[in-house]
Each structure stands twice: as structure tokens, then as C-alpha cells.
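Enquirer: Predicted structure and sequence below. I'll ask about it afterward.
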Amino acid sequence: MVSQTSLVFMIISAVLVFVFPLGAIVYLYKKERISWKAVGVGALTFILFQIVTRIPLLSYLSAQPGFQGMMGNLFFSAVLVGGLSAGVFEEIGRYLAFRFPLRRDLSWQNGVAYGLGHGGIEAIVLVGITYINNIVISLMINTGQFENLIGPGLDAATAALIKDQLINTPPIYFLIGGLERFFTLFIQVGLSLVVLYGVITRQIRYLVYAILLHTLVNAPPVILLERGVNIWWVELYVFIVAASAGFWIVRARSLFNQETTRNGVEGLTAEDGAEYEGG
């Protein structure tokens, strides 16, 4: 039997992953009139630059013997592959989104909207769907329907492994996944505003900052876990980064208003690229 505590934590995580981003989007649409277009572009950009591009590329490289050998090096796997590559793909995706489809919708509100779309779809694809499956399968296990409905489609070893993981995984781990996605949503909004600030101020160096910050978000948790550090210390690190991102999100609003007032920026055209400074 899957414990009731595990099921409760799965449901809480699913709510955090699905309901919180959607609730935040609806609330900000009513209060701040954020753009649904920005939300959609954020979600589509994540899908294009991660699901369609980066992840298949890494899957292909992972099948190459030379790459497999390098993945044994923690710095290579955690910092360059897990951190820097994610930063390069996602932040360049953000930059292109703000420079082109959203070039006439550049504001703090729509930077937040983009981040909610980007981070929201990430949470749903990477964690939310898995948690929904876990809840359904757990209910089947507890009602004795697993072997009849799921078992026939799997070999015995795979079916046993799925049951064992759901029954014997400590319940708190089912909550950690949802909390981590909740924290990460703030980080994704914060990174979106870093890139957008660079677009509005015409300083490409903010794209570089965002890539480095993304690496700093992704790499340390992997390194800490590989070194055997307790997972709660890892989650504390993610929480601190998310809290810092939340502070930046609030602080950035006044900075964006100042830039809009100073430059009269309501949107940039494609021709504005020639005015960008290197730093």
C-alpha cells in the first residue's frame, strides 16, 4: 500500500505545479493586465529550446562514447552540461523572445508573464505529469487494480520496480519535488527580468549575466547531492536563490519604470539591435 501521507504530499505537489502558476497568471492578469501572449511565448520558448532542442541533443551526445567518458567528471556533468548548457539554451531563447515576438510588449508586467509561462510549463512537463501518473498508479495499487490495469502492459520486473518505488519512497520526497518547482518558478521569473532588463537598456551583457546565474542555480545542487550532502541543505540552497529572485522581482519593477520613463520604451523594433552595447 502507498501510504496516505505519500498521497497527500503528491497531491500538494501537483497543486503547487499546476494550480499555483495558473492562479498567479490569472491574478496578475486581473491586477496588472499582463499579456497572455507573453505567457504563451514563454511556454513555447521553453518547449522549443529545451524539449525540442537541448534535451534531444544531450540524448544524442549521451550515446557517444567520448561524451559518456567526460560525463564521469563531476565538473563537466554538473557545471557544463547540467548548468551552463541549460543557461545558454534557455537564456538565448528568452533573449530572442523579447527581441522579436515580444518586442512591442516590453514591460515589467510582461517580463513576469513570460517567466510564469516559461517556468510554469517547465514545472508541468518535468514534474507535474509525473506526479499525476504517480497519484493514479498509487490509487490503483491501494485498490488492488494495479495488476489488472497496468501490470499486463509491463514486464514483471518493471511493474515490481514501480510498485516498490511508490510504496517504499519516504513520503517527504514526494513533497520535495513540488516545493522545488515552486521555488524554481520564482527563479525563472527573476531570470526573465534580467534578460528583459538587458533588452530594454540595450546592454547585451545582461544576457551573459543570466546565463551565468542560470549555471549557478543548476550546478551546485547536483554537486552537493553527488557529494552526499543532505537533501534538505540542497533545498535550502534552492530556497535562498528563490528568495533572492523574489527580492529582485520586486526591486526590478521600479528599475523598469525608471527606464521606461527615461527612454520612453514601450517596445523595440528589430532595427534596434544595431544600438546594443557590449557592456
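Expert: Perfect, thanks for sending it. Numbers count the residues shown, from 1 in each chain.

Enquirer: Just the CA trace of the regular element (helix or strand) spanning residue 210, in PDB.
Expert: Under the criterion of DSSP states H and E, residue 210 resides in helix 205-226. The C-alpha trace of helix 205-226 is given here as PDB (Å, rounded to 0.1, in the frame of the first residue of the first chain):
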ATOM      1  CA  ARG A 205      25.900  41.800 -21.000                       C
ATOM      2  CA  TYR A 206      22.700  41.100 -19.100                       C
ATOM      3  CA  LEU A 207      22.200  38.100 -21.300                       C
ATOM      4  CA  VAL A 208      25.700  36.900 -20.100                       C
ATOM      5  CA  TYR A 209      24.700  37.600 -16.500                       C
ATOM      6  CA  ALA A 210      21.500  35.500 -16.900                       C
ATOM      7  CA  ILE A 211      23.500  32.500 -18.400                       C
ATOM      8  CA  LEU A 212      26.000  32.600 -15.500                       C
ATOM      9  CA  LEU A 213      23.200  32.900 -12.900                       C
ATOM     10  CA  HIS A 214      21.300  30.000 -14.500                       C
ATOM     11  CA  THR A 215      24.500  27.900 -14.200                       C
ATOM     12  CA  LEU A 216      24.800  29.000 -10.600                       C
ATOM     13  CA  VAL A 217      21.300  27.800  -9.900                       C
ATOM     14  CA  ASN A 218      21.600  24.400 -11.600                       C
ATOM     15  CA  ALA A 219      25.100  23.200 -10.900                       C
ATOM     16  CA  PRO A 220      25.500  23.400  -7.100                       C
ATOM     17  CA  PRO A 221      22.500  21.200  -6.200                       C
ATOM     18  CA  VAL A 222      23.900  18.500  -8.400                       C
ATOM     19  CA  ILE A 223      27.400  18.800  -7.000                       C
ATOM     20  CA  LEU A 224      26.100  18.800  -3.400                       C
ATOM     21  CA  LEU A 225      23.900  15.700  -3.900                       C
ATOM     22  CA  GLU A 226      26.800  13.900  -5.600                       C
END
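
Enquirer: who does that helix touch, helix- and strand-wise?
Expert: helix 85-99, helix 171-201, helix 231-263 (3 or more CB pairs under 8 Å, 6 or more residues apart in numbering; DSSP states H and E). For glycine as for every other residue, the C-beta is placed from the backbone atoms N, C-alpha and C.

Enquirer: how close does residue 90 sit to residue 150?
Expert: Separation of residue 90 from residue 150 (CB to CB, to the nearest Å): 35 Å.

Enquirer: just residue 92 next, same as before
Expert: 40 Å.
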